[in-house]
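Trainee: Coordinates only, no sequence provided:
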């Protein structure tokens, strides 16, 4: 088996992550903040340790500003819909996932939000500033495309946001765990990410990290274990956005995934993924009539002239090589690179991917082409 679908969810998980989840399920895993018995208190402690791990990873000394969600999509919906409560103008990148595009489109129809799309090619700062308006309030951007791996500089985004007093809403889904992300220098930012991709947790956990933002509108209301006498949601973080029972096993796994990454070293992970990405890209270039769309960060997307991507994906699957085909929930990105009509095969790597897997993929594709 060759697993090459890590941009969707990472596999395998480190043994320490699996052990931590097993330990949680067998020894505590009660409901955090709802009871005062040992198991509930142990659960609350483990969840707080996970908040600290997330806060430390992104270099922000505020664990209480880490809000756990079901996944990155929920995190982005909360970020967008808690900030954009009135008619205004926002900028989004031309590589956005539907986790951004659909909420923005929904708000455009419901409350008249207007949005412009900035190009991530060339001088991004000029591209953004040419679209700014008097009513622009936020820049919403991925930090790395899930289709090509194209990176959008946080430093550039931050400079523009500070200059024009804009809020940053950042989607770190494809960069978290692959490279260091420092939001300590931002003034007003919300960073969103899942745990189950580069941070190596199990599925069921995402998060928002608030910097300099006072939360407003809520997406969901309900029990928090705090201020139960009040009909309104608590205004303090994280309770303001954490209605209902949290997914304790996945949150615990997130902490241990982060600890594994820190032990391995984020810089070492970046170097390893860079090396394997280059190996895969160079090997695939040897295939006749292949078009490759790759800008690093462990993602290589491609198509082969004359062969439908569904045929390629089915053939790889029959050989136990697992990739993703189609539009990858990112039609705007495919329109940007000119592949909306065909879609692409996406190979996505993790620190566990091996350079020798490139040879297996190459030989399988060669058999398909000839």
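Mentor: Yep, that arrived. Here the structure is a predicted model, which is why all the values come from computation and not from measurement.
Trainee: Quickly note the distance from the residue nearest to the spatial centre of the chain to residue 283.
Mentor: For the chain, the residue lying nearest the average C-alpha position, counting by CA atoms, centre = their mean, turns out to be residue 173 (1.1 Å). Going from residue 173 to residue 283 by CB to CB, to the nearest Å gives 26 Å. Yep, even glycine has a C-beta here, placed from its N, CA and C like the rest.
Trainee: And the strands in the chain?
Mentor: All strands of the chain, identified by DSSP state E, fall at 2-3, 66-69, 89-93, 114-118, 136-142, 167-171, 189-194, 206-211, 290-296, 299-304, 321-322, 324-326, 344-348.
Trainee: Check those strands for me and report the most buried one.
Mentor: Mean neighbours per residue, mean count of other CB atoms under 10 Å, is largest over the strands of the chain for strand 189-194, with a mean of 28.
Trainee: Can you pull out the low-pLDDT segments for the protein?
Mentor: Residue ranges of the chain with pLDDT under 70: 227, 230, 370.
Trainee: For it, just list every one of the helices.
Mentor: 15-27, 38-57, 72-83, 98-110, 124-129, 154-164, 248-264, 266-284, 309-318, 331-337, 356-369 (DSSP state H).
Trainee: buried residues in the last one?
Mentor: Residues 357, 358, 360, 361, 362, 364, 365, 368 are the ones in helix 356-369 that count as buried (16 or more other CB atoms under 10 Å).
Trainee: Hmm, residue 33 is touching residue 41, no?
Mentor: No: between residue 33 and residue 41 there is no contact under CB atoms under 8 Å: 9.6 Å.
Trainee: more crowded one of those two?
Mentor: The neighbour count for residue 33 versus residue 41, taken as other CB atoms under 10 Å, is higher for residue 33 (18 against 15).
Trainee: Contact partners for the more buried one?
Mentor: By CB atoms under 8 Å, 6 or more residues apart in numbering, the contact list for residue 33 reads 40, 44, 224, 225, 226.
Trainee: Just send those residues back as TSV, with distance to residue 328 too.
Mentor: Shown next, in TSV, are these (distance: CB to CB, whole Å):
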residue	distance to residue 328
40	40
44	37
224	35
225	38
226	39
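Trainee: List only buried entries from these.
Mentor: The neighbour-count criterion (16+ other CB under 10 Å) marks 40, 44, 224, 225 among these as buried.
Trainee: returning to that earlier point: dump the strands of the chain to a markdown table, plus distance to residue 82.
Mentor: Below are the strands of the chain laid out as a markdown table (distance: least, CB to CB, whole Å):
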| stretch | distance to residue 82 |
| --- | --- |
| strand 2-3 | 36 |
| strand 66-69 | 10 |
| strand 89-93 | 13 |
| strand 114-118 | 17 |
| strand 136-142 | 11 |
| strand 167-171 | 10 |
| strand 189-194 | 8 |
| strand 206-211 | 9 |
| strand 290-296 | 31 |
| strand 299-304 | 30 |
| strand 321-322 | 36 |
| strand 324-326 | 31 |
| strand 344-348 | 30 |
